[in-house]
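In: just coords:
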Ligand SMILES: Cc1cc2nc3c(=O)[nH]c(=O)nc-3n(C[C@H](O)[C@H](O)[C@H](O)COP(=O)(O)O)c2cc1C
Ligand code: SF4
Ligand code: SF4
Ligand code: FES
Ligand code: FES
């Protein structure tokens, strides 16, 4: 769990913006960036600062895919399932990663190390199918490469 | 400014960065330093050149030599031979696919020869992070011309006369839209740029923002002058970090040069631009949803009218245009409406940028005059289909568009012809598929996408697309029933007629177009429980043809689950319980000994 001091940061983020509803999305994006998710404590602080119902914050958090109410893993594996990658069989990569990590897309491993997500076009269709781990790109990925890539990040602890 | 005798342009578009152009750029800098050439030769980072497939890409001027798939190891040779001794490194030059001829200059190769670059005019040729390079290439001259030589109405008339239509999907005449906003009552008006690029297989707008951000800023300022706005917003996907960074740099530089802010170029006109980040919702590309999101709310569409031109951002008159639409504006102002309307075809003027991908040799970004045929794009520019496979269909318009079969390859690319054929121009995704792609699966892919992205506000879209998807899932799982096709068609019709926004209204298009052109494939799934293309996992299994198998063991190496076994030089076997149907062995086998049944 994060300590008190950590959440103070939320206050700093909020205070960079005027108390105007138009900045709500921007504030939530900044918090998401800092913590990799929207901690409940942070939402309370935003609620207080902006003086809006908590339900409104949840409705924002559930609408936008980039906002998440659950903590994400240290390594976020994004499998591109844009059109170009899809027809070059990106689905089999997702299946293979799911099998190795024992999680479905959208989930995080129980040790908090890996999250699996599928995303749309990453702009590298030439290298389709593409996966990205945090900020690192892997192009022309085949199912047999998947395990090696996961191993680069410490692999699965058995 | 210092004078250099040569420039090394390294592509730092997303595609090339992914294939490793960053270390290449560093290697050039180091090597030039070592050879004492740093003062004579300048290394420049650029945006996407278009031929991302062959990245990392490097151009050397003044010769215009185009080196592709460059590795860091090649850098010393290029520096030594080309930059020091003036001898072009033939072996790294681009090689034409059919003739194997090597070309010394970029503009001679087939891929570029047939293109006409207006929106992409600077992409790959200037450093997007340095405003002086943009200015040196006529940048901000159009803004100067508009502010000092033209009235706001004169600007609008010029855009109207050019025949420019929106490049974001709808194809609405840009000048007419500007006129509405100019005529609308109100002191405060806004200019918005739609850079949400939602099509899941496309990256045109991203490349423009990454390669030439000032063009968009200049065009927005011109639009602001035309309609009487003093603020602009760019709504850009947060998933495009490089584009966002370059926009931020560009805005800062433009402000410092007095090209944004108060009293631009010493005139009465003041205009500034702000960035807003999207947060991963496709429906936010729809204009009313986008405006809601800029206001900091949930990005849900609302019924139109009122149109944004009358009631937009914070209920003020607002124009919203796509990135590529804006990228055309400065050239139209500089070169005139007549110049522009001479390019393209009768009803569709100018050019269109496409992100061509899928089963095609030259995946990348192309800009072609309207009226070019699909065949020219796919074969002459795109280099045709790899691995001697047969062309099957081309998909345009993304999740709102459709799939066109081989019989329509000679069709010219125009707004109206595409719609008549059951597809649409869309924002510029163009995906080519070959005989191995199942058309029912493609339809399911797009519907899965729209279904997930439906904002849920209106039932036809929320529930109707879900029903359609369930049917498609049934069909691809081999559980299709008699009457499913008719059911799909009925649902499609009613969703199209009753959904609130464009997302729902166009969601059935991929299904309808594949039903129109590839109905037999649906029937094979339903009646024979077979997938003729071998794309639906549930309906196929893999086998080794003993006669053809030479026991080379290649398939064993690529199989992720160790499902294949056999002695060397003897026919191998696949354990169907272990096989996850990943297709790797099928792709790998040099003897075609693995079949999908
Ligand atoms: C579901 C949906 C998604 C859209 N996504 C985009 C998009 O990503 N980019 C874009 O420019 N226009 C998109 N549009 C079209 C916009 O609503 C709008 O027509 C466009 O931004 C107008 O600009 P233009 O006239 O320059 O094309 C989308 C429309 C719908 C219905
Ligand atoms: S058509 Fe779909 S996306 Fe559009 S408003 Fe209705 S539910 Fe939302
Ligand atoms: S399809 Fe994939 S999993 Fe199945 S045998 Fe071939 S390589 Fe192995
Ligand atoms: S579709 Fe995957 S990178 Fe474009
Ligand atoms: S990103 Fe380099 S050519 Fe497209």
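Out: All right, it came through fine. Predicted, not measured: the structure shown is a model, and the values here were computed from it. Ligands and ions are numbered 1, 2, ... in the order given.

In: hmm, the lengthiest strand in chain B touching chain A?
Out: Counting by DSSP state E, the longest strand found in chain B is strand B:351-358. Yes: using CB under 8 Å from any CB of the partner chain, strand B:351-358 reaches chain A at B:355, B:357, B:358. In short, each C-beta sits where N, CA and C put it, glycine included.

In: Which of these sits closest to chain A?
Out: residue B:357 (3.6 Å; CB to the nearest CB).

In: which residues touch that closest one?
Out: By CB atoms under 8 Å, 6 or more residues apart in numbering or on different chains, residue B:357 lies in contact with A:83, A:84, A:125, A:126, A:128, B:201, B:363, B:429, B:430, B:431, B:432.

In: Leaving aside the residues adjacent along the chain, what's closest to residue B:386?
Out: Spatial nearest neighbour of residue B:386, chain neighbours left out: residue B:361 (5.3 Å); criterion: CB to CB, 6 or more residues apart in numbering or on different chains.

In: which ones are touching that neighbour?
Out: If a contact means CB under 8 Å, 6+ apart, then residue B:361 has B:53, B:97, B:382, B:383, B:384, B:385, B:386 as its contacts.

In: now do residue B:372
Out: Counting by CB under 8 Å, 6+ apart, residue B:372 has contacts B:114, B:412, B:413.

In: Going through those, which ones are buried?
Out: Among these, those classed as buried by 16 or more other CB atoms under 10 Å in any protein chain shown are B:412, B:413.

In: nearest residue to residue B:77 other than its sequence neighbours?
Out: Going by CB to CB, 6+ apart, residue B:77 has residue B:89 as its nearest residue, at 6.0 Å.

In: ok, how many other residues are close to the one you found?
Out: 17 (other CB atoms under 10 Å in any protein chain shown).

In: okay if I get the residues of strand B:351-358 next to chain A as TSV plus pLDDT and distance to residue B:72?
Out: Output for the residues of strand B:351-358 next to chain A, formatted as TSV (pLDDT from 0 to 100; distance: CB to CB, whole Å):
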residue	pLDDT	distance to residue B:72
B:355	93	28
B:357	90	27
B:358	90	30
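
In: so residue B:109 touches residue B:93, yeah?
Out: No: counting by CB atoms under 8 Å, no contact exists between residue B:109 and residue B:93, whose distance comes to 9.6 Å.

In: And the two? Which one has more around it.
Out: residue B:109 (21 against 18).

In: Which one of the contacts of residue B:361 is nearest to ligand 3?
Out: residue B:386 (20.0 Å; CB to the nearest ligand atom).

In: quick one: contacts for the closest one?
Out: Residue B:386 neighbours (CB under 8 Å, 6+ apart): B:359, B:360, B:361.

In: Quick one: low-confidence residue ranges for chain A.
Out: A:1-6, A:158 (pLDDT under 70).

In: if we go to 50?
Out: Scanning chain A for pLDDT under 50 picks out A:1-3.

In: Residue B:234 looks like it's in a strand, true?
Out: Yes: counting by DSSP: H, G, I helix; E, B strand; the rest coil, residue B:234 is found in a strand.

In: Now whichever residue of chain A sits closest to ligand 4. Nearest residue, chain neighbours left out?
Out: Residue of chain A nearest ligand 4, by CB to the nearest ligand atom: residue A:82 (2.5 Å). Nearest non-adjacent residue to residue A:82, counting by CB to CB, 6+ apart: residue A:121, 3.3 Å away.

In: Run a quick neighbour tally on that neighbour.
Out: Counted with other CB under 10 Å, residue A:121 comes out at 29.

In: ok, it to residue B:491 distance?
Out: According to CB to CB, to the nearest Å, residue A:121 and residue B:491 sit 28 Å apart.

In: Also residue B:108?
Out: As defined by CB to CB, residue B:108 lies at a distance of 51 Å from residue B:491.

In: Repeat that for residue B:370.
Out: For residue B:370, the distance to residue B:491 - CB to CB - is 34 Å.

In: So the two - more neighbours on which side?
Out: residue B:370 (23 against 19).

In: Surely the more buried one touches residue B:352?
Out: Yes: with contacts counted by CB under 8 Å, residue B:370 reaches residue B:352, the gap being 6.0 Å.

In: what is in contact with those two at once?
Out: residue B:413.

In: Verify the contact between residue B:485 and residue B:525 for me.
Out: No: with contact defined as CB under 8 Å, residue B:485 does not reach residue B:525; the gap is 10.1 Å.

In: Which one's more surrounded, these two?
Out: Of the pair residue B:485 and residue B:525, residue B:525 is the one with more neighbours under other CB under 10 Å, namely 28 against 18.

In: That one - nearest residue in space that isn't next to it in sequence?
Out: residue B:475 is the one closest to residue B:525 (CB to CB, 6+ apart), at 4.9 Å.

In: Buried residues, the helix or strand harbouring that neighbour. List them.
Out: Secondary structure from DSSP states H and E places residue B:475 in helix B:465-476. Within helix B:465-476, the residues that count as buried by 16+ other CB under 10 Å are B:465, B:468, B:469, B:471, B:472, B:475, B:476.

In: Can you tell me how far the fourth one is from residue B:339?
Out: This means residue B:471. 50 Å.

In: Chain A contacts on the stretch 151-300 of chain B?
Out: Counting by CB under 8 Å from any CB, the stretch 151-300 of chain B sits next to chain A at B:198-203, B:206-207, B:238-240, B:276-277, B:279-282, B:293-300.
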